[in-house]
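> predicted model and sequence follow; I will ask about them next.
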Amino acid sequence: MRSHRWRTASNSAAYLLPHLQPGDRLLDVGCGPGTLTVDLARAVSPGEVVGIDLAASVIAEASAHAYDAGFNNVSFLTGDFRYVGLEPRTFDVVHAHQVLQHLRDPVGATETMGRLVREGGLVAVRDSDYGAFTWCPANSGLEKWRETYSRVARRNGAEPKAGRLLLAWAHAAKWPEPTYSTSTWTFATASDKSWWSHLWAERCTTSAFARQAIEYRIATNEELELLADEWRSWAKDPDALFIVLHGEVLARF
């Protein structure tokens, strides 16, 4: 959740912001701890925003964040947006950030998003593309990390290269005239690199990714510790940088 709390509308939904209008009713799919959700609520106020996520503990954190931020036009639901009984054609905007890459049926989820938006409404999705991540200097340890992460994701039925597939998924879901764009997160300052590298070092040893890598016999504890060390070592180079590529799709229904 530490990385999710960093996400805001400006760094994670800039492609969507120019299209939002005050009064829009917005659904934020996979809302996480709510920082991005609350930013979107600010953009559509006094419109209603509904955030939904699978984890009750995450929804509790999101609700607390919205309360602390003073936004009363935000509510949260626990569950899977595909199955909780959301009424079709009741949202002006349906948004999902870093969600489709984790799903076994991204096209089915994309179709559901299209059914929830009103005529004239907007659907927006953004996902990263691990295969297109780039960094400097070259680092075989980070290459091994990417390979390990991708193998775990695919073992889960997920797609680590989702960013480049969003347009194809939108076409498969019969979205009307979807438009595709890209944007990046760039980590080049000492503080940004320290935060990003320590986040991934921690994920390599104490996250679901780490547990699954061991369970699936993709990596050992010792190998994951070495990957964590590579992350921490990489960030100490003053010339180091890391670029995260995202694909983005918008469609007006």
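Nice, I can see it. This structure is a prediction, so every number in the text was calculated from the model and none was measured.

> now the strands for this structure?
Using DSSP state E, the strands assigned to the chain run over residues 26-29, 49-53, 74-78, 91-97, 117-128, 134-136, 179-187, 241-252.

> which strands and helices sit next to the fourth one?
The elements that strand 91-97 packs onto, with contact taken as 3 or more Cβ pairs under 8 Å, 6 or more residues apart in numbering; DSSP states H and E, are strand 26-29, helix 35-44, helix 106-116, strand 117-128. All C-beta atoms are positioned from the backbone trio N, CA, C, and that covers glycine.

> rerun at 7 Å
With contacts defined as 3 or more Cβ pairs under 7 Å, 6 or more residues apart in numbering; DSSP states H and E, strand 91-97 has these neighbours: strand 26-29, helix 106-116, strand 117-128.

> okay, now the sheet partners of the last one, with direction.
Going back to what we said before, that points to strand 117-128. Partner strands for strand 117-128, per DSSP bridges, with pairing direction: strand 91-97 (parallel), strand 241-252 (antiparallel).

> tell me which of those sits most buried.
Ranked by mean neighbour count, the strands paired with strand 117-128 are led by strand 91-97 with a mean of 25 (mean count of other Cβ atoms under 10 Å).

> pick the most buried one from the helices and strands packed on strand 91-97.
strand 26-29 (a mean of 26).

> which secondary structure elements does it contact?
When contacts are defined as 3+ Cβ pairs under 7 Å, 6+ apart, strand 26-29 packs onto helix 35-44, strand 49-53, strand 91-97.

> can you give the distance from it to the centre of its chain?
Remark: strand 26-29 is offset 13 Å from the chain centroid, using Cα atoms, centre = their mean, to the nearest Å.
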